[in-house]
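Peer 1: got a sequence here, can you model it:
(one chain, ligands or ions: 1)
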Amino acid sequence: MRAGPSLDAVTRPFVVPTGELFRHRGSRQRVTLAGPLPGLALSASRLTGDDVVADLVLEAQGETVTLAGTVTAAWEGECRRCLGPTGGVLTVELREVFEPDAVEGETYPLGRDEVDVEPAVREALALALPLAPLCADDCAGPDPDAHPVAIEADEDDDGESPVDPRWAALDVLRFDR
Ligand SMILES: [Zn+2]
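Peer 2: Model (predicted):
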């Protein structure tokens, strides 16, 4: 049996009541929050309308709440080379502190009897959205025969530089594979 979601869970899915949390010193609470976060977008990538899921552990420490966990969200966008559709799933680790008198840029505000984790979740996802997505690491562009795309080593953020097909033959000679 599943109780219907409260109005709060529908309209403010990323708000967690903190009454239980502060009842016992150092107590922890694990929560899984899910809801859409509209409007999170860069020029070439954005969140889909699907629910963002936050799997978090909240811990009361004095007057503050420490939050740690993982946020997962689906994104979509346009490949920077071929302009075709691309997308994927963002998984972001989150560790933030909420306190009554938040320090701009360091901590987030803590309400009297609830904590709104949405600003922290939004900020983490905005930083994780790809600025210049690719549909595939070796995307050859819209018309590889007429306009071959030079694949630059520094385009890759995972540190693996794709082998330019023009040099592949040389690699074979050099390493005798
Ligand atoms: Zn592409």
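Peer 1: give me the contact list for stretch 74-85.
Peer 2: 42, 44-48, 50, 86-90, 129-130, 132-135, 139-142, 149 (Cβ atoms under 8 Å, 6 or more residues apart in numbering). The C-beta positions use only the backbone N, C-alpha and C, and glycine is treated the same way.
Peer 1: which ones among those map onto helices?
Peer 2: If you go by DSSP state H, those have nothing in helices.
Peer 1: go back to the residues you listed and keep what's next to the ion.
Peer 2: Among the contacts of stretch 74-85, the ones lying near the ion by Cβ under 5 Å from the ion are Cys135, Cys139.
Peer 1: does anything pack onto the helix or strand that Leu125 is a member of? Which helices or strands?
Peer 2: If you go by DSSP states H and E, Leu125 is part of helix 118-128. For helix 118-128, the packing partners by 3 or more Cβ pairs under 8 Å, 6 or more residues apart in numbering; DSSP states H and E come out as strand 52-61, strand 64-78, strand 85-99.
Peer 1: this structure against the ion: which residues are in contact?
Peer 2: With the criterion set to Cβ under 5 Å from the ion, the chain comes near the ion through Cys79, Arg81, Cys82, Gly84, Cys135, Cys139.
Peer 1: of those residues - the most surrounded one?
Peer 2: Within those, most neighbours by other Cβ atoms under 10 Å means Arg81, with 21 neighbours.
Peer 1: what helix or strand does it sit in?
Peer 2: Going by DSSP H and E, Arg81 is not in any helix or strand.
Peer 1: okay, now the unreliable bits of this structure?
Peer 2: 1-10, 150-177 (pLDDT under 70).
Peer 1: rerun at 50
Peer 2: The model of the chain has pLDDT under 50 over residues 156, 159-161, 170-177.
Peer 1: show me it divided up by domain.
Peer 2: Here the domain parsing of the chain from automatic domain parsing is 7-136, 139-177.
Peer 1: among these, which is the most enclosed?
Peer 2: Compared across the domains of the chain, domain 7-136 shows the largest average neighbour count, a mean of 16 (mean count of other Cβ atoms under 10 Å).
Peer 1: could you check how far it is from the centre of its chain?
Peer 2: Taking the mean of its C-alpha atoms, domain 7-136 sits 8 Å from the chain's own mean (Cα atoms, centre = their mean, to the nearest Å).
Peer 1: grab the most central residue of the chain for me.
Peer 2: In the chain, the C-alpha nearest the mean C-alpha coordinate belongs to Leu125, at 3.4 Å (Cα atoms, centre = their mean).
Peer 1: so it makes contact with Val89?
Peer 2: No - if you go by Cβ atoms under 8 Å, Leu125 and Val89 don't touch, sitting 11.3 Å apart.
Peer 1: any common contacting residues for these two?
Peer 2: By Cβ under 8 Å, 6+ apart, Leu125 and Val89 have these common neighbours: Ala73.
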